[in-house]
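1. any chance you could fold what I've pasted below:
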Amino acid sequence: LLTMAESLTHAMEVELRPDSGVIVVEDTIESAKPVSRFEFVLNAGLKIASSSAPIKRLTESSDGLRIAYRANPDTPTTQLRLRYQGTPRFGNRRQMGGMPEGEISGKGVYLDSNSAWHARFNQPISGLDLRVSLPNGWQSISIGKRSADGDMQRWQTSQPHDSLYLLAAPYKRYAQQHAGTDLSVWLLDDDPALAERYLGVMGDYIDHYAALIGPYPFAKFAVVENRWQTGYGMPSFTLLGSRVMRLPFIPFTSLPHEILHNWWGNGVWIDYAKGNWSEGLTAYLADHWMKERRGSGDQYRLKALQRYTNFAADDADTPLIDFVSRHNDASQSVGYSKSLMLFHMLRRELGDEAFIEGLRTLWQTYRFKTVGFSDVVDLLASRDPDLASRASRWLQREGAARLTLDAATVTADPDGYRLDVTLSQAAPVFDVEVPISVMLEGETEARIQRIRLSDERHSVSMAFAEKPQRVDIDPAFDILRLLDPSEQPPALNRLLG
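-> The predicted model follows:
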């Protein structure tokens, strides 16, 4: 449903009554220009108690969880005041770790825009001033910058957001400043050592990605403990399960991934109808980066290709353009593993300088806007139209290259040696740039040559002064392909896949 306004801000007074499951909201919506009608959706468990304009009920969602309304002011106005309250209704579907779609209880509060706990319009929130009243000892978390006045907690932002979150529980808060950004850890139990483990590294990750892409877009970053075992990245905070966040490797694996989502996913928004590019790019620049800087990026890519080969090959594969979110091993291997390999191939062909410039341009162009997978690829490869065209075709197709080394022969000639290599790929044929590694007699480092393979069979001749001793095809796992059985160690995921 649409409003006639171009931008909307919310000034909200919220009272949470966790023990009874009730929320009371006074919501003043401001439009940038006078409008003659406001249309919005609200949770079906919430009743509109008063408004500054006549309200008409329009339709109810098929699951009975949301109701659409229209407010028609007598004359065009820039302001709509609403008061609504009640016990929100949530669906029975469980998310990661068994987490419910929403909750208001004595154990905690979790609300996001999907549940329509606030008047939801079909456009981003342009700004927020949220004041929250809570039981004694409770803390709230939302988007924006935090301040507190007695029992009232306040969250403010002038940045656009595509979702409005409200969490609350009897949290213990640990905080510090880092270059003007509030860093904090919110725990359900007092644990200063755990908080320090996260506070000690998150500033460095923010600095790294700010230098790589552009300035950090929010006033804070918070690590928030969750009773359910999740790993969610929201604008300016991450929601990690109690057991998850205590795993010793999480500050060095999942944490940079969730921090990076503040640029990709929560800073540049995903046009889900045109493909979720964010998970693959974030996994590539976070999870893969952590391994690459330790010199084991090739092993990370091998494992990514193993996941893809084992779980998404054959009947379980889908085009990248169709990926929305992970719901099983097959979808994860496409949206994360297959996707990150595409970004790796783009980087290899473009070079680091052009790839990083593309990342910065993507950020500058689509900051707080939605973008689809094809547009992301086109922008990153804009320096090389041929590469952009080839990469876009990869988005539309199922499968990946399946390569075979048919022949490798060495012939002596007057100037040294000639190496003839023949490669083939099984149908369907993909257009890939294949690295060929050649180890020469007397040398300790292999020579790398790249060939373009765009048909079922291709031969290439290479001349060397010294005798070739060994040939490897894509030894560092740089291209998106289905692995040869000899590259797969015995592992349970092969059997399960």
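2. now do the strands in the stretch 301-450 of the chain.
-> Assigned strands in the stretch 301-450 of the chain, in chain order: 370-371, 403-413, 416-425, 432-440, 447-453 (criterion: DSSP state E, counting those that start in this stretch).
3. which other residues reach the last one?
-> To tie it back to what came earlier, the one meant is strand 447-453. For strand 447-453, the external contacting residues (CB atoms under 8 Å, 6 or more residues apart in numbering) are 401, 403, 423, 425, 431-440, 458, 460, 462, 464. Every C-beta, even on glycine, is put in place using the N, C-alpha and C of the backbone.
4. pull it out as CSV, backbone CA atoms only.
-> Output in CSV follows, covering the C-alpha atoms of strand 447-453 (Å, rounded to 0.1, in the frame of the first residue of the first chain):
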residue,chain,number,x,y,z
ARG,A,447,54.3,-19.9,-13.9
ILE,A,448,50.6,-18.9,-14.3
GLN,A,449,48.9,-18.5,-17.6
ARG,A,450,45.2,-17.7,-18.1
ILE,A,451,43.2,-18.9,-21.0
ARG,A,452,39.6,-18.2,-22.1
LEU,A,453,37.5,-21.3,-22.3
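5. low-confidence ranges, the stretch 251-400 of the chain, go.
-> For the stretch 251-400 of the chain, applying pLDDT under 70 flags the ranges 313-314.
6. ok, back up a step: need the winner for burial among the strands of the stretch 301-450 of the chain.
-> With neighbours taken as mean count of other CB atoms under 10 Å, the strands of the stretch 301-450 of the chain reach their highest mean count in strand 432-440, at a mean of 19.
7. average pLDDT across it?
-> Confidence for strand 432-440, expressed as mean pLDDT, is 96.
8. which residues touch I436?
-> Applying CB under 8 Å, 6+ apart, the residues near I436 are V421, I448, Q449, R450, I451, V460, M462, V471, D472, I473.
9. what's across from the first one in the sheet?
-> For V421, the beta-bridge partners under DSSP bridges are A408, V460.
10. any idea how far it lies from S325?
-> Look at V421 and S325: by CB to CB, to the nearest Å, they are 41 Å apart.
11. same check, this time on the last one
-> Plainly put, I473 is 34 Å away from S325 if you go by CB to CB.
12. look at the two and report which has more neighbours.
-> For I473 and S325, the more surrounded residue by other CB atoms under 10 Å is I473, and the numbers stand at 19 against 11.
13. beta partners for that one?
-> Applying DSSP bridges, one finds that I473 bridges with I436.
14. now distance to R293 too, for the strands of the stretch 301-450 of the chain, in JSON lines please.
-> Output for those, formatted as JSON lines (distance: least, CB to CB, whole Å):
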{"stretch": "strand 370-371", "distance to R293": "28"}
{"stretch": "strand 403-413", "distance to R293": "28"}
{"stretch": "strand 416-425", "distance to R293": "32"}
{"stretch": "strand 432-440", "distance to R293": "21"}
{"stretch": "strand 447-453", "distance to R293": "21"}
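15. mind listing the strands for the stretch 101-250 of the chain?
-> Counting by DSSP E, counting those that start in this stretch, the strands of the stretch 101-250 of the chain are 103-105, 108-111, 125-133, 139-142, 145-149, 152-157, 166-169, 172-178, 181-187, 220-226, 231-234, 237-241.
16. give me the beta-bridge partners of S31?
-> Per DSSP bridges, residues listed as beta-bridge partners of S31: L8.
17. was I right about it contacting S7?
-> Yes. Counting by CB atoms under 8 Å, S31 does reach S7; the two are 7.3 Å apart.
18. of those two, who's got more company?
-> The neighbour comparison of S31 against S7 (other CB under 10 Å) goes to S31, with 21 against 15.
19. and A388, how far from Y366?
-> For A388, the distance to Y366 - CB to CB - is 16 Å.
20. of all the strands of the stretch 101-250 of the chain, which lies closest to D27?
-> Nearest to D27, of all the strands of the stretch 101-250 of the chain, is strand 125-133, at 9.7 Å by CB to CB.
21. show residues contacting that closest one.
-> Counting by CB under 8 Å, 6+ apart, 7-16, 32, 140, 142-144, 151-162, 164, 166, 168 sit against strand 125-133.
22. now do stretch 290-298
-> Contacting residues not belonging to stretch 290-298 are listed as F252, T253, P256, H288, Q299, Y300, P475, A476, F477 [CB under 8 Å, 6+ apart].
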